[in-house]
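*Asks:* have a look at this prediction, sequence included:
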Amino acid sequence: MFKTLLILSAFPMLLTFLISDENRNIERRVGEPNKKIKTLQKGTWGGAHIHLEVSEQGGQIEYDCAQGSIDQKIVLDARGRFQLRGTHVVERGGPVRESGSSNGDPVLFSGRVSGKKLELTVRRRDSKEVIGVFTLFYGQEGKVRKCR
């Protein structure tokens, strides 16, 4: 009788241990390990009329007679696409007026990467007007004409 009471009193503790151990296993299966965030490869991307320098913080862009910036990490989705806000500044040859806007216009950069090829579209955020559509390749310098 004493053995039966001892076993019965130990059963709830054993059951609690088994359930908590099972919960730990479930958490390990459900809680995915830290997924690596895929970002646009750092370095130089270039093409006709555009040069993009990608850093950890975003990217600096030079176009014919213009420049732009992406001020956040360029994170790609599962299909290699991104859509980020940035700025676009039109450059003009000759002196710049004091009242000229140097902050730039708000734009949306959208792109898709496939291997070492990047298709990039730059669009004004307010009017949705397309500023340009570009094809860039990793490791290539851009061919840009600057207004001086």
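*Replies:* In hand now; what should we look at? Numbering: from 1, shown residues only.

*Asks:* ok, the residue lying closest to residue 74 once chain neighbours are set aside to residue 52 distance?
*Replies:* Nearest residue to residue 74 in three dimensions, chain neighbours excluded: residue 40, at 3.9 Å (Cβ to Cβ, 6 or more residues apart in numbering). Yep, even glycine has a C-beta here, placed from its N, CA and C like the rest. The gap separating residue 40 from residue 52 is 9 Å, by Cβ to Cβ, to the nearest Å.

*Asks:* overlap of the contact sets of those two?
*Replies:* Residues within reach of residue 40 and of residue 52 at once, by Cβ atoms under 8 Å, 6 or more residues apart in numbering, are 59, 118.

*Asks:* who's more crowded, these two?
*Replies:* In terms of neighbours (other Cβ atoms under 10 Å), residue 52 is the more surrounded of residue 40 and residue 52; the figures are 26 against 22.

*Asks:* next one, pLDDT for that one please.
*Replies:* Residue 52 carries a pLDDT value of 97.

*Asks:* so it is in which element?
*Replies:* strand 50-55 (DSSP states H and E).

*Asks:* alpha carbons of that strand, as CSV, please.
*Replies:* Output of strand 50-55 as CSV, limited to C-alpha atoms (Å, rounded to 0.1, in the frame of the first residue of the first chain):
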residue,chain,number,x,y,z
ILE,A,50,23.6,54.7,-63.7
HIS,A,51,26.1,53.8,-60.9
LEU,A,52,25.0,52.4,-57.6
GLU,A,53,27.3,51.9,-54.6
VAL,A,54,25.7,49.6,-52.0
SER,A,55,26.7,49.7,-48.4
